[in-house]
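> Here is the input, now give the coordinates:
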Amino acid sequence: MANALTTVTEFCETGDDVALVFDGAGTQRLGEPSNPEHKHHGPFESVRHLTAAVCAYCANAFDVAGQVGTAELPLTSELRGHPSIRQFVNDGYQVISF
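Reported below is the predicted structural model:
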């Protein structure tokens, strides 16, 4: 998570249009940085508004959908329960995966 947050922050600071998508195992610990005492709380909060999608299928598979909801992040399921990465590409985004 630290590398993704650092990269998103860098893109933001230079004025790039960024969308953050949490998918697969990346959904497992999303509730943790919402805690003010977590070591990634500050960086996470600074880019939280860029979270465009959290995979609903994976959040449910890892039993963290409740944490994602508590963190007020958008669960997305437009492609058989998963976010459509193709749609992000069609919208002009370049995908970087961590």
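
> Looking at this protein, which helix is longest?
Using DSSP state H to define each element, the chain has its longest helix at helix 2-13.

> May I ask which helix or strand of the protein has the lowest mean pLDDT?
Using mean pLDDT, DSSP states H and E, the weakest-scoring helix or strand in the chain turns out to be helix 65-70, at a mean of 89.

> Going by neighbour count, list what's buried in that helix.
The neighbour-count check on helix 65-70 (16 or more other Cβ atoms under 10 Å) flags 65, 67, 68 as buried. From N, CA and C alone the C-beta is placed, and that goes for glycine too.

> Looking at those, which is nearest residue 41?
residue 67 (14.4 Å; Cβ to Cβ).

> residues in contact with that closest one?
Going by Cβ atoms under 8 Å, 6 or more residues apart in numbering, residue 67 touches 30, 31, 34.

> per-residue confidence at the second one?
Per-residue confidence (pLDDT) for residue 31: 83.

> right, and it touches residue 64 too?
Yes - using Cβ atoms under 8 Å as the test, residue 31 is close enough to residue 64 to be in contact (6.3 Å).

> just the helices in this structure please.
Under DSSP H, the chain gives helices at 2-13, 41-47, 56-61, 65-70, 85-90.

> Looking at those helices, which one is packed in the most?
Using mean count of other Cβ atoms under 10 Å, the stretch among the helices of the chain with the largest mean neighbour count is helix 56-61, at a mean of 20.

> what about that helix, distance to the chain center?
The chain centroid and the centroid of helix 56-61 are separated by 13 Å under Cα atoms, centre = their mean, to the nearest Å.

> I'd like to know which elements that helix is packed against.
Applying 3 or more Cβ pairs under 8 Å, 6 or more residues apart in numbering; DSSP states H and E, we find helix 56-61 packed against helix 65-70, strand 75-76.

> got those as JSON lines, with distance to residue 48 columns?
Converted to JSON lines, the helices and strands packed on helix 56-61 look like this (distance: least, Cβ to Cβ, whole Å):
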{"stretch": "helix 65-70", "distance to residue 48": "12"}
{"stretch": "strand 75-76", "distance to residue 48": "15"}
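
> Double-check residue 29 against residue 1; I have them as touching.
Yes - judged on Cβ under 8 Å, residue 29 makes contact with residue 1 at a distance of 7.0 Å.
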